[in-house]
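Visitor: quick check, what structure comes out for this input:
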Amino acid sequence: MVSFARFLKNLARHAYNVARWLAYEFLPMSVRNTLSSRLADLCRLLGFVTIVSLMIFETGALARSAMPDVWYVWVLDVTLAILVGNIVKECAIWVSARIANSLGANFHRKGVMLNGKSFSEVIRSDGTWRRCEFSERETVCEWTDRFGAITRSVTGPRRGFRKAWGRATVR
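Guide: Numbers count the residues shown, from 1 in each chain. Sure thing, here's the model as predicted:
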């Protein structure tokens with residue numbers, strides 16, 4: 001009985017992570033008004049439009065076919081649309097980063113991975129980059145220097161901050 005409850009808890013956690021990933025990665029939700037955030041929103045919108053248009057095209061073809069009631073075909077349809085949409089979004093982000101860098105601006109991007117970790121990514125105009133992944137247990141950061149050397153740093157959990165008399169202190 002305990003293992004079934006654990007299975008349901010893990011299933012709910014994974015369903016939440018997938019829904020959160022879809023929302024963060026495909027809906028333009030940036031509140032900042034910078035060049036990189038607007039370009040990232042445009043890329044996310046392009047990926048979302050790709051997913052929706054593929055699903056409309058594929059479900060229309062499935063509705064006219066002889067097997068519209070086979071559930072695994074519909075699951076494969078949705079999976080294929082999400083995969084292609086993600087490829088389109090990532091290619092558009094690569095192009096947008098190059099556009100921002102050619103204008104002399106750094107390209108900032110934040111998001112969520114499928115496992116629930118949030119990440120932050122910066123592609124600088126001088127050719128260097130930094131990517132950090134944040135989880136409850138650890139923070140993993142990777143970056144390059146101007147000579148191309150890649151450095152990786154793994155630290156412990158992030159601590160919460162609270163305001164005390166106008167300055168931030170660690171709890």
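
Visitor: and the helices in this structure, which stretches?
Guide: For the chain, the helices defined by DSSP state H occupy 2-26, 35-64, 71-102.

Visitor: for these, which one sits closest to Ser135?
Guide: Among the helices of the chain, helix 2-26 comes nearest to Ser135, with 11.7 Å by CB to CB. All C-beta spots, glycine's among them, are computed from the backbone N, C-alpha and C.

Visitor: angle of the closest one against helix 71-102?
Guide: Put simply, helix 2-26 runs at 40 degrees to helix 71-102, going by axes from the mean of the first three to the mean of the last three CA atoms, to 10 degrees.

Visitor: picking up where we left off before, can you list the helices of the chain in JSON lines and add mean neighbour count, mean pLDDT and distance to Ser125?
Guide: Converted to JSON lines, these look like this (neighbours: other CB atoms under 10 Å; pLDDT from 0 to 100; distance: least, CB to CB, whole Å):
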{"stretch": "helix 2-26", "mean neighbour count": "12", "mean pLDDT": "82", "distance to Ser125": "24"}
{"stretch": "helix 35-64", "mean neighbour count": "17", "mean pLDDT": "86", "distance to Ser125": "11"}
{"stretch": "helix 71-102", "mean neighbour count": "15", "mean pLDDT": "90", "distance to Ser125": "4"}
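
Visitor: and Glu133, which of these is closest to it?
Guide: helix 2-26 (13.5 Å).

Visitor: packing partners for that closest one?
Guide: helix 35-64, helix 71-102, strand 107-112 (3 or more CB pairs under 8 Å, 6 or more residues apart in numbering; DSSP states H and E).

Visitor: distance from the chain centre to that helix, please.
Guide: 16 Å (CA atoms, centre = their mean, to the nearest Å).

Visitor: ditto for stretch 27-39
Guide: So, by CA atoms, centre = their mean, the centroid of stretch 27-39 is 14 Å from its chain's centroid.

Visitor: what's the answer for stretch 129-145, then?
Guide: 14 Å.

Visitor: for that stretch, measure first residue to last.
Guide: In stretch 129-145, first residue to last residue: 8 Å (CA to CA, to the nearest Å).

Visitor: which other residues reach it?
Guide: Stretch 129-145 is contacted by residues 113, 116-124, 127-128, 150-158 when judged by CB atoms under 8 Å, 6 or more residues apart in numbering.

Visitor: and stretch 97-111, by the same measure?
Guide: Counting by CB under 8 Å, 6+ apart, 24-25, 34-37, 39-40, 93, 96, 118-125 sit against stretch 97-111.
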